[in-house]
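**Q** coordinates only, sequence not included:
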DNA sequence: TCATTGACTTGATGGATATCTAATTAAGTA
DNA sequence: TACTTAATTAGATATCCATCAAGTCAATGA
């Protein structure tokens, strides 16, 4: 119980991270909360899955729409979706036989902001 | 020679990646070129180093300015700086006794764009 | 030339992780 | 109930990676 399992990105407690990292140095705490999200994006399969989900009609996609076009097994896809879900980059919902994944745009937006380079920084 | 060591982000050949991943699905090739950069950001120490460098006076920082405030050894810092440099997120230059690191803003900007969520996407 | 300081490289190690097969759960249907 | 399909979990394995101690390289100065 001494080390919590890296909570999700969206819910709360990340507001102090919604700042470009070029503006001021991240402190250790902020860095440790942000890094796992970037790590989750650091796998090509997860990046493609997220992009597939986020760009899909209606902002969500069924797992059955995601398994094609990858050279890995279904359990591996499932594993990567779990990583994305646990970090809060996507959410999932079961509807009947199928499970649908939805991209969490606010989480994406936060990470985008962290990496953004505001005009006129460090001329 | 069959598998190149994942080239840097900035130089060239990344222009086709400068698109929000919510706009259309990343293809396998794009994902494999982008993922290593996010992976590089996926470590809290590297995130802090990058932020320290990027936010430092003049847009650059000496290694001697970076080693304090971390709980890891100097070789470990050096290792993380190398990872950031080889992926193209920072560049380095020796001036006399000291080595200075500079953030590559165009690389940061590219990654920020990839994660950005344009208004009105997937209502 | 030798000593000092800054930075990096090397080599080893423990822990994390991507992947698979096999088994399991969940929902629908004959 | 039994069968089928969708998706996940469990367990095993091979690889990757963060870290450190020790050694090396580079620049400066006594």
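**A** Now that the structure is in, tell me what you want to look at. Quantities reported herein were computed from a predicted structural model and do not represent experimental measurements.
**Q** Every contact and neighbour count from this point should use C-alpha atoms.
**A** OK.
**Q** now the helices for chain A?
**A** Listed in chain order, the helices of chain A (DSSP state H) span A:28-41, A:44-55, A:63-66, A:74-86, A:105-115.
**Q** can the third one be found next to chain B?
**A** No. Helix A:63-66 lies out of reach of chain B by CA under 8 Å from any CA of the partner chain, never closer than 11.1 Å.
**Q** quick one: average pLDDT of that helix?
**A** Averaging pLDDT along helix A:63-66 yields 96.
**Q** residues from chain A in reach of DNA strand D?
**A** Counting by CA under 7 Å from any atom of the strand, chain A comes close to DNA strand D at A:62-64, A:74-79, A:81-82, A:97-100.
**Q** if we look at DNA strand C, which of those are close to it?
**A** Contacts with DNA strand C within those, as defined by CA under 7 Å from any atom of the strand: A:74, A:75, A:76, A:79, A:97.
**Q** Neighbours of the last one, how many?
**A** By the other CA atoms under 10 Å in any protein chain shown criterion, the neighbourhood of residue A:97 contains 5 residues.
**Q** Would you mind confirming that residue A:34 is in contact with residue B:41?
**A** No. Using CA atoms under 8 Å, residue A:34 is not in contact with residue B:41, being 9.1 Å away.
**Q** residue nearest the centroid of chain A?
**A** The C-alpha lying nearest the average C-alpha coordinate of chain A belongs to residue A:89 (CA atoms, centre = their mean; 2.9 Å).
**Q** Pick the most buried one from the helices of chain A.
**A** Across the helices of chain A, averaging neighbours per residue (mean count of other CA atoms under 10 Å in any protein chain shown) puts helix A:44-55 on top, at a mean of 25.
**Q** is DNA strand C contacted by that one?
**A** Yes. For helix A:44-55, a contact with DNA strand C is found by CA under 7 Å from any atom of the strand, at residue A:45.
**Q** Count the neighbours of residue A:90 for me.
**A** Counted by other CA under 10 Å, the residues lying close to residue A:90 total 25.
**Q** near DNA strand C, which residues of chain A?
**A** Residues of chain A lying near DNA strand C by CA under 7 Å from any atom of the strand: A:43, A:45, A:71-76, A:79-80, A:95-97.
**Q** Let me know the closest of those to residue B:111.
**A** residue A:43 (14.3 Å; CA to CA).
**Q** What residues does the closest one make contact with?
**A** Shown in contact with residue A:43 (CA atoms under 8 Å, 6 or more residues apart in numbering or on different chains): B:32, B:35, B:36, B:39.
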